[in-house]
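Q: I need the structure of the sequence given here:
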Amino acid sequence: MNVTPFAKHDALATISIRFLSGLIGKLMHKPLFEGESTLREIFARIVIPNLMIREIDEERFEDDPQEFILSDMEASDTESRRKCSQDLLRAMCRQFEQQTTSICSQHVNQMLTQFATDQSQWKMKDVAIHLMLGISIRAESIQFGVSQVNEGVNIMDFFTRHVLTELQEPNMNVRPMVKATCIKFVGIFRNQFTKEQFGALMPLLIAHLGSPYVVVHTYAAASIEKILTSKVDGPNNTKLSKFAGSDLKPFLGNLFTGLFSIVDNVELNENEYVMKCIMRALNAAKDDLLEIVQIVLEKLTAALALVAKNPKNPQYNHYLFESIAVLIRSVSSKDAAYTSAFEQFLFPPFQHILQMEVVEFTPYVFQVLAQILEFRPEGSGLGQAYASLLPPLLTPALWERKGNIPALSRLLVAYLSKGSAEIVQHKLLLGILGVFQKLIASKSSEAYAFDLLRAIVLSMPQEAFMPQMKDILQILMMRLQQGKTTKYVGLITHFFALFVGKFGSQTFHNQLNLIQPGLGLMIVNQVWVPRLQAAPPTRLEAKTQIIGLTKLLCEAPAILASPNGTEVWSHILSCVLKIIFSPDSHLNALTSEDSDDAEIGYDATFSVLHFATHPVKDPFADVEDASVSFVKSLSQLCASQPGQVTPLIQQCLQSDPKMSVGLENLSQNAGVTLI
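A: Sure thing, here's the model as predicted:
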C-alpha cells in the first residue's frame, strides 16, 4: 500500500517516516536494513518521492508563503515530508554512512545531469540539494549551525558547482524555489564558510532581498542574520564574529535599502525574519550608524506606527523594538546628545501607544523610555517630556497590569537615577514609596520593590528618604514575618548589606532599634547570617555583602559588648571569609557574560528587550577590591582593640586551616598584619 503525495496524507506520511527513522537509528535493528538493496529501496520508494516538490508545495510557495516557510525552515517545529525524509537520511547515515553516502551521491549526480540536460527539470536539482543536506550533516544546532559534517561529502565543491551558480543567476523569476533552497543551504552551512566566502556571498544574498517571492527574500534575510552571528574561536576561550561590522560596512547601504523595501511594502505581511535581520545588522554595524541614524529611525518609527494600529505578529514586534533599542544603544553610547533626537522621534508614537492602551506594546515602550533616559547626558535632568510623564506613571491603575510591572519598575529606577532633584522638588518620593509598598506585598513583584528601594538609597539625597526609613523598614519586617521565603530573605539581606555599606553599621542598628530595641542584632543573627551560610552570594552581591559586613564587624563595637555578641561577630567573620575564598563567588565581577548574539525573541509573560538592558552598576565602584578593604579594616580594628579581636579571629580559623592560610596571604598582599 502506497501513501499518496496528496496533502490529506501528509500526517500519515510524516508519522510513518518518523517511525522508520526511529527503527533505523537503533543499533538493535541494524541487521534489518544493512542490505544494499534495502537501502536502495528506501531511497527510491520513500526518500526521493517525499523530497520531490508537489503541486501543493508550489501553490503554498506563491500563495501562502508563511505556511511554506513554517514547514520548510530548519528552525521550525512543524513537521513536513521533506524534513522527515532528511531526518531519515541522517538516521541511515548514522548506521550505514558509507553505503548511504554512495547511493545518495549516485542519485544526486543523476538528477543534476537531468537538470543540466533540460533546465525545465529544476525540481530534480531541488531534490538533489535536499539529498545533500540530508547526508552531509552529522551534528548541528538551530542556534549555532552545522558543527560536524560527513567526511565522505565535499560540501564546498558541491556549493561552488551547483549552489553558487544558482545564486549568481541575475533573473529573480527563474527557478525561485531552487533559489530559496540554495539560500537555505548557505544559512545551514554558515560555519563551513570562510570570511572571504561570506564577503563574496553577501552581495548575492542582498540582491535576493529584492526578489518578488516572499520565501526567497525571507530566506535571504534569515541567512544574512545567521552569517552576522557566526563565530570563530578567539584568544582566551573567547568567541569573535566571523563577519564583523568592518566586514559588513561596504554592504550597509544596499543591505538596509533591501531590508526596508520589504518592511515598507504594505502589501506584504509583517516579516519577522526581515526585522530580525535588521536588528542583527544594526548591532553588527554599531560603529558605523551615526551617518544613517536618522534615516533608519524614520523607517523604524514608520513601521511602528503601522503595526501599532493592529499588532498581529509578536515576534516581528519584538524584533522591531529590539532594533530601536540597539540603535539607541549604539549611537547614544558614543554621543549622549543624540538622546534628544530619539526623544523627538519616539515620544509621539510612544504617547499614542500609551493613550490608546496598546497593551502588547506598553512594556516595550517603558523599557525604551528607560533606556533613553539612562543615556541622557549627566546633569541634564529629566527634561520637560520626561518630567510631565512621571506623575501619570505613579497612578495605581497602571500598576494593576502585571505585564507592565517589570518595565515600569525599570523606568522608575531610571527616573530615580537621573531625576532625583526633580523628584524631591515636586514631592514625588511618597508616590514612588507607595508603588514600593504595593510591589512588596506580592511574591511575584517583591524583587522589583527592592530594585526601587536600592535606587532610592543610591540616588536620592539622604535627607529626602531617611525620615521615611523607619516606615520602610517596618514594611520590610512585616513582610518578613508574614512570608519568610528563601527568595525574600536573599533580597532583604542584599538590601541590608547595601544600606550598611552606604550609611554605616550604627545607622543600620539605630533605624531598626527604633522599631524594637535590639532588633538590629536579632536580624543579623537570625536572618542575615543564616542566609549567607545557606546560600552564599556571588559576583556583585558578594562584593556588596563583604563591604556591608566589613562595616558591621569593624564599625560596631556594640556587637562585641552585647550578650552573645562575640558569637555573632565570629559568625559574621566566618561568612565574610567563606565568600572571599569561595571560587564560586567571582568576587568583584559585575555579571556573567551576556552575548549580544544570544537567541532573542518574544516571551508571552514578559519580553525583556535584550538591547535595552542597562549595564549593572557597582554601588561601590570606588572600592577596587572588597577583600583588601576588608582585611585593612580588620587590621585597624585589631590595632584599636589589642588582645580582644585577635583571639576571636584565631578561634574562627581553627576549624579551617585553608582559610587561615588564605587570610594570612591576603594580609600579606594588602601589606597589613592581624595582631
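Q: Could you use CA atoms for every contact and neighbour count after this?
A: Fine.
Q: Okay, buried residues for the helix or strand hosting residue 421 please.
A: Using DSSP states H and E, the element containing residue 421 is helix 420-425. For helix 420-425, burial by neighbour count (16 or more other CA atoms under 10 Å) applies to 420-423.
Q: Quick one: the strands in this protein, in order.
A: Secondary structure of the chain by DSSP state E: the strands cover 137-141, 145-149, 231-233, 239-241.
Q: which other residues reach the second one?
A: Okay, so that is strand 145-149. 136-141, 187-192 (CA atoms under 8 Å, 6 or more residues apart in numbering).
Q: Tell me where the stretch 351-500 of the chain is predicted with low confidence.
A: Along the stretch 351-500 of the chain, the model assigns pLDDT under 70 to no residue.
Q: which residue ranges form the helices in it?
A: With DSSP state H, counting those that start in this stretch as the criterion, the stretch 351-500 of the chain has helices at 362-375, 383-393, 405-418, 420-425, 429-440, 446-459, 462-465, 469-482, 486-503.
Q: closest to residue 249 out of those?
A: Residue 249 lies closest to helix 362-375 among the helices of the stretch 351-500 of the chain, at 25.6 Å (CA to CA).
Q: rewinding a little: make CSV out of the buried residues of helix 420-425 and add distance to residue 210.
A: Formatted as CSV, the buried residues of helix 420-425 follow (distance: CA to CA, whole Å):
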residue, distance to residue 210
420, 50
421, 52
422, 51
423, 51
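Q: what's the closest of those residues to residue 176?
A: residue 420 (59.0 Å).
Q: Tell me the spacing between that closest one and residue 336.
A: From residue 420 over to residue 336 the distance is 19 Å, taken as CA to CA, to the nearest Å.
Q: residues in contact with residue 627?
A: Residue 627 makes contact with 546, 580, 666, according to CA under 8 Å, 6+ apart.
Q: Please apply the same query to residue 79.
A: Neighbouring residues of residue 79 by CA under 8 Å, 6+ apart: 14, 71.
Q: quick one: pLDDT of it?
A: On pLDDT, residue 79 comes in at 73.
Q: Distance check, it against residue 70.
A: 9 Å.
Q: Residue 395 too?
A: 43 Å.
Q: With adjacent residues omitted, what lies nearest to residue 279?
A: residue 323 (4.4 Å; CA to CA, 6 or more residues apart in numbering).
Q: ranges for the helices of the stretch 1-150 of the chain?
A: According to DSSP H, counting those that start in this stretch, the helices that the stretch 1-150 of the chain contains are 10-24, 30-33, 36-42, 48-51, 55-63, 65-72, 81-117, 122-136.
Q: looking at these, which is buried most?
A: Mean neighbour count (mean count of other CA atoms under 10 Å) peaks for helix 122-136 among the helices of the stretch 1-150 of the chain, with a mean of 23.
Q: Between strand 145-149 and that helix, find me the angle.
A: Relative orientation of helix 122-136 versus strand 145-149 (axes from the mean of the first three to the mean of the last three CA atoms, to 10 degrees): 70 degrees.
Q: packing partners for helix 122-136?
A: When contacts are defined as 3 or more CA pairs under 8 Å, 6 or more residues apart in numbering; DSSP states H and E, helix 122-136 sits against helix 48-51, helix 81-117, helix 176-188.
Q: quick one: least confident helix or strand in the protein?
A: Sorting the helices and strands of the chain by mean pLDDT, DSSP states H and E puts helix 557-561 at the bottom, at a mean of 66.
Q: Identify the residues contacting the residue nearest to residue 279.
A: Residues counted as contacts of residue 323 (CA under 8 Å, 6+ apart) are 275-276, 278-279, 282, 300.
Q: What residues sit buried inside stretch 302-320?
A: Buried positions in stretch 302-320, judged by neighbour count with 16+ other CA under 10 Å: 303-304, 307-308, 311, 314-320.
Q: and if you look at stretch 456-476?
A: Buried-residue list, stretch 456-476, by 16+ other CA under 10 Å: 456-460, 464-465, 470, 472, 474-476.
Q: is it possible to export those residues to a markdown table including distance to residue 19?
A: As requested, those are arranged in a markdown table below (distance: CA to CA, whole Å):
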| residue | distance to residue 19 |
| --- | --- |
| 456 | 60 |
| 457 | 62 |
| 458 | 61 |
| 459 | 62 |
| 460 | 65 |
| 464 | 70 |
| 465 | 67 |
| 470 | 67 |
| 472 | 62 |
| 474 | 63 |
| 475 | 60 |
| 476 | 58 |
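Q: Let me know the closest of the residues you listed to residue 620.
A: Residue 620 has its nearest neighbour among the buried residues of stretch 456-476 in residue 458, at 10.1 Å by CA to CA.
Q: Kindly provide the distance from that closest one to residue 356.
A: 35 Å.
Q: Next: residue 383.
A: With CA to CA as the criterion, residue 383 and residue 356 are 24 Å apart.
Q: re earlier: between the helices of the stretch 1-150 of the chain, which gets nearest to residue 452?
A: Among the helices of the stretch 1-150 of the chain, helix 65-72 sits nearest to residue 452 (CA to CA), with 42.5 Å.
Q: Just the angle for that closest one relative to helix 176-188, thanks.
A: With the same axes, to 10 degrees as the basis, helix 65-72 and helix 176-188 are set at 50 degrees to each other.
Q: Tell me how many other residues surround residue 296.
A: Neighbourhood size, residue 296 [other CA atoms under 10 Å]: 20.
Q: can you count the residues close to residue 550?
A: 28.
Q: Hmm, I typed the wrong one, I wanted residue 436.
A: Residue 436 has 22 nearby residues by other CA under 10 Å.
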